[in-house]
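Undergrad: Build me a model:
(chains A, B, C and D)
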Protein chains: 2
Amino acid sequence: MTNRNILVSIIEDDDTIRSGYSFLIGNTEGYEVVSSYSSYDAAAHKIASDKPDVILLDIEMPGTNGVDAIPRLKKLLPHAHVLILTVYESEKLIFEALANGASGYLTKNTPSAKIIASIKEVKEGGGPMSINIAKMVIRSFQKNQESPLSKRETQILEEISVGKSRSQIANELFIDLETVRSHIKNIYLKLNVNSRADAIKTARENRLI
Amino acid sequence: MTNRNILVSIIEDDDTIRSGYSFLIGNTEGYEVVSSYSSYDAAAHKIASDKPDVILLDIEMPGTNGVDAIPRLKKLLPHAHVLILTVYESEKLIFEALANGASGYLTKNTPSAKIIASIKEVKEGGGPMSINIAKMVIRSFQKNQESPLSKRETQILEEISVGKSRSQIANELFIDLETVRSHIKNIYLKLNVNSRADAIKTARENRLI
DNA sequence: TAAAAATTCACCCTATTGGGGTGATACCAT
DNA sequence: ATGGTATCACCCCAATAGGGTGAATTTTTA
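TA: Predicted structure coming up:
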């Protein structure tokens, strides 16, 4: 059997870039551009009937920005995959976009071949990323290797960070309640804080947990 | 000027696979295999003097497993990049490996060209991943779009998940302490839990936060 | 091997918190 | 107009969190 074309919608405010993508994708075997819009607001009422498999989405746009557009698009087209294509590389935007349901994140220096391959990849459930994005995403998982905290303290801070109380921690680690207190006091000293919330904040900022 | 070769060490217990990689990489222009070991334990005392730029590391190994080996390798060779090359695709292993300092994660069905490219990519500070790994990593960022919680409840649960107390939440959201309590009670009802720790656990498992 | 750090436990204190009930008002959106 | 949302109120009380201070033991590191 012959696979049907991958249907693509483009939402991008720059006319030149938009027609560039449109030309690139439309002239590739197996791909079809079903629509292109200059903003989410322009697309909102029509894109559902276009039934794209993949939506190429820009972040910087007039009106509704790309990040906010993602959940709305997912509501209109639950089975479509949103692939972000933007110049922005701020960690905040990337993680917001992914949290909102983006299936991939490419930066605009991405070569044409990679864009084409990525469209197919998201359509098949993959998660394509530009090299620099992958780097940030991976770094977001990595703990600080030079923590001021000891292993035990880190372990207890991790328990605190999931909302456990002192007594719950004591039970799980088979140590006395007073020992847990003692560790927490040392954690507060080292992190220079005096509450659970501040300890978690500082620890997250420094990737101690 | 001519760039010097990328120096690679391989730690992999399967003899056939290890010599396969060794041959592949050693015969590629610009790459050099400086050493290969069948386990971390075998490598521990010698690898520091090999001074590799990139360490290809297997997860399933006799003795010290790959995940535990990562922080030790990073300690011995702080500037080396660890690239995981394994058949395992369990979410737990992947995130543990990344948290422990792995710079990339490839599965063993990865084509040779991608392996070679990925070695260069980690050496240059990138974060290469196999398609299926990238998918899992991206999914780990995505929130559940159909939460049983209202916006306000989600917001309050997020505050709880960073260790805030009722009164802190009340102050930050400019609502009464009793209102916060009320929301928390509703959250507990909907999630069918009766403590902060359980609420956070359930919420994380269902990606509500 | 000696000093430093980590881990463990003990007992002082008190204001705050957390969780369970129950109920009410007002505002929405379907 | 009915169910969900958001807001606030008052009952209860055991448990918790955070602060002080001190000390024994083991492990790690210099």
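Undergrad: and the biggest helix by length in chain A, which residues are buried?
TA: Of all the segments of type helix in chain A, defined by DSSP state H, the longest one is helix A:177-191. Using 16 or more other Cβ atoms under 10 Å in any protein chain shown as the test for burial, helix A:177-191 gives A:180, A:183-184, A:187-188, A:190-191. For every residue, glycine as well, the C-beta is placed using N, CA and C.
Undergrad: do the same with stretch A:27-39
TA: Here stretch A:27-39 shows A:28, A:31, A:33-39 as buried, counting by 16+ other Cβ under 10 Å.
Undergrad: out of the residues you listed, who's nearest chain B?
TA: Of all these, chain B sits closest to A:Tyr31, with 18.6 Å by Cβ to the nearest Cβ.
Undergrad: Tell me where chain A has helices.
TA: In chain A, the helices defined using DSSP H lie at A:15-26, A:40-43, A:47-50, A:66-76, A:91-99, A:112-123, A:131-141, A:151-161, A:166-173, A:177-191, A:196-205.
Undergrad: Can you tell me what sits against the third one?
TA: In this structure, residues lying in contact with helix A:47-50 by Cβ atoms under 8 Å, 6 or more residues apart in numbering or on different chains are A:7, A:9, A:11, A:34-35, A:37, A:55, A:73, A:76-77.
Undergrad: now the last one
TA: Around helix A:196-205, the neighbours that count as contacts under Cβ under 8 Å, 6+ apart are A:157, A:160-161, A:187-188, A:191-193, A:208-209, B:162-165, B:168.
Undergrad: From those residues, list the ones also adjacent to DNA strand C.
TA: The residues of the contacts of helix A:196-205 that also fall near DNA strand C, by Cβ under 7 Å from any atom of the strand, are B:165, B:168.
Undergrad: distance of A:Val82 from A:Ser140?
TA: A:Val82 sits 20 Å away from A:Ser140, going by Cβ to Cβ, to the nearest Å.
Undergrad: er, A:Met61 I mean
TA: Going from A:Met61 to A:Ser140 by Cβ to Cβ gives 25 Å.
Undergrad: Give me the more crowded residue out of those two.
TA: A:Met61 (23 against 16; other Cβ atoms under 10 Å in any protein chain shown).
Undergrad: so where's chain A shaky on pLDDT?
TA: A:1-2 (pLDDT under 70).
Undergrad: Any idea which residue is closest to the centre of it?
TA: The C-alpha lying nearest the average C-alpha coordinate of chain A belongs to A:Leu98 (Cα atoms, centre = their mean; 2.4 Å).
Undergrad: For that residue, give me its contacts.
TA: A:105, A:137, B:138, B:141-142.
Undergrad: Neighbour count for the residues you listed - can I get that in a markdown table?
TA: Output for these, formatted as a markdown table (neighbours: other Cβ atoms under 10 Å in any protein chain shown):
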| residue | neighbour count |
| --- | --- |
| A:Tyr105 | 29 |
| A:Val137 | 24 |
| B:Ile138 | 22 |
| B:Phe141 | 19 |
| B:Gln142 | 16 |
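Undergrad: Tell me the one of these nearest DNA strand D?
TA: B:Gln142 (20.7 Å; Cβ to the nearest atom of the strand).
Undergrad: before we move on, back to that, from the buried residues of stretch A:27-39, which single one is nearest DNA strand D?
TA: A:Ser39 (27.7 Å).
Undergrad: So the closest one is in contact with A:Gly66, correct?
TA: No - in this structure A:Ser39 lies outside contact range of A:Gly66 using Cβ atoms under 8 Å: 9.7 Å.
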